[in-house]
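**Student:** structure of the sequence below:
(chains A and B)
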Amino acid sequence: KAGVTQTPRYLIKTRGQQVTLSCSPISGHRSVSWYQQTPGQGLQFLFEYFSETQRNKGNFPGRFSGRQFSNSRSEMNVSTLELGDSALYLCASGWGGIGVNEQFFGPGTRLTVL
Amino acid sequence: AQRVTQPEKLLSVFKGAPVELKCNYSYSGSPELFWYVQYSRQRLQLLLRHISRESIKGFTADLNKGETSFHLKKPFAQEEDSAMYYCALYNFNKFYFGSGTKLNVKP
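**Tutor:** Reported below is the predicted structural model:
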């Protein structure tokens, strides 16, 4: 079974630009979560989508948004990029049903904001 | 509010020595706790979950509700255990991760 894939793997942007990251979950998984990983803060939860609906949201500004398509693929968008947005963005997929769900992580997209 | 604390950013031990990675949490209900591991150049992956009460790669973790801790232990560390370890709490379809502890096992 193919794992979670994320594209692109690396991105370099400048301040003020916007960026869109993509995540394809494991086949059959309906939940997709996004995390920001930085050396100082560890993993911080951005949001979770389940069946095309945002089900959970972390404490990030409105510049961070996402969506999920009918095939469960998800995109994350960051507008008006700031230097502090430089991080590894991880996507994780899971079944999303009732109860505790193991999360399967993708390799991440490394975003550098100059 | 839920919070997961891993007080050590870096833990260095010698091969064969016992290792304990600390994790404390704040949560008012019955928590679901996990340990995730990230080896160099690999994806973050599940190591173990407390409800399974299993030992994975020689690691165990016991939930102590009185001390609100979920420390990860291994009696004899191996060089291949060197990695980044994250403790995580699950609540209502949301995972809360600690800031991680880098374990360095020296030969």
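**Student:** for B:Phe76, see how far away B:Gly16 is.
**Tutor:** 5 Å (Cβ to Cβ, to the nearest Å). Glycine gets a C-beta too; all of them are placed from N, C-alpha and C.
**Student:** tell me the contacts of residue 93?
**Tutor:** Just so you know, I chose chain A. A:Ser93 sits next to A:Val4, A:Cys23, A:Pro25, A:Ile26, A:His29, A:Ser31, A:Val32, A:Ser33, A:Ser72, A:Gln103, A:Phe104, A:Gly106 when contact means Cβ atoms under 8 Å, 6 or more residues apart in numbering or on different chains.
**Student:** to clarify, I was referring to chain B.
**Tutor:** Neighbouring residues of B:Asn93 by Cβ under 8 Å, 6+ apart: A:Ser31, A:Glu48, A:Phe50, A:Arg55, A:Asn56, A:Gly96, A:Asn101.
**Student:** what lines up beside the one helix or strand A:Phe47 maps to in the sheet?
**Tutor:** According to DSSP states H and E, A:Phe47 maps onto strand A:42-50. Here strand A:42-50 is paired, per DSSP bridges, with strand A:31-38 (antiparallel), strand A:53-57 (antiparallel).
**Student:** can you get me a residue count around the closest residue to A:Leu83 other than its chain neighbours?
**Tutor:** In this structure, A:Leu83 finds its nearest non-sequential neighbour in A:Val113, 5.3 Å apart by Cβ to Cβ, 6 or more residues apart in numbering or on different chains. Applying other Cβ atoms under 10 Å in any protein chain shown, we find 19 other residues in the vicinity of A:Val113.
**Student:** now A:Val113: phi and psi?
**Tutor:** Per-residue torsions, A:Val113: phi -110, psi 120 (degrees, to the nearest 10).
**Student:** can you put the contacts of A:Ser93 in JSON lines and add distance to B:Leu11, secondary structure and pLDDT?
**Tutor:** Shown next, in JSON lines, are these (distance: Cβ to Cβ, whole Å; DSSP: H, G, I helix; E, B strand; the rest coil; pLDDT from 0 to 100):
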{"residue": "A:Val4", "distance to B:Leu11": "29", "secondary structure": "coil", "pLDDT": "96"}
{"residue": "A:Cys23", "distance to B:Leu11": "32", "secondary structure": "strand", "pLDDT": "98"}
{"residue": "A:Pro25", "distance to B:Leu11": "33", "secondary structure": "coil", "pLDDT": "96"}
{"residue": "A:Ile26", "distance to B:Leu11": "32", "secondary structure": "coil", "pLDDT": "94"}
{"residue": "A:His29", "distance to B:Leu11": "33", "secondary structure": "coil", "pLDDT": "91"}
{"residue": "A:Ser31", "distance to B:Leu11": "32", "secondary structure": "strand", "pLDDT": "91"}
{"residue": "A:Val32", "distance to B:Leu11": "32", "secondary structure": "strand", "pLDDT": "94"}
{"residue": "A:Ser33", "distance to B:Leu11": "27", "secondary structure": "strand", "pLDDT": "94"}
{"residue": "A:Ser72", "distance to B:Leu11": "38", "secondary structure": "coil", "pLDDT": "94"}
{"residue": "A:Gln103", "distance to B:Leu11": "24", "secondary structure": "coil", "pLDDT": "87"}
{"residue": "A:Phe104", "distance to B:Leu11": "26", "secondary structure": "strand", "pLDDT": "91"}
{"residue": "A:Gly106", "distance to B:Leu11": "27", "secondary structure": "coil", "pLDDT": "96"}
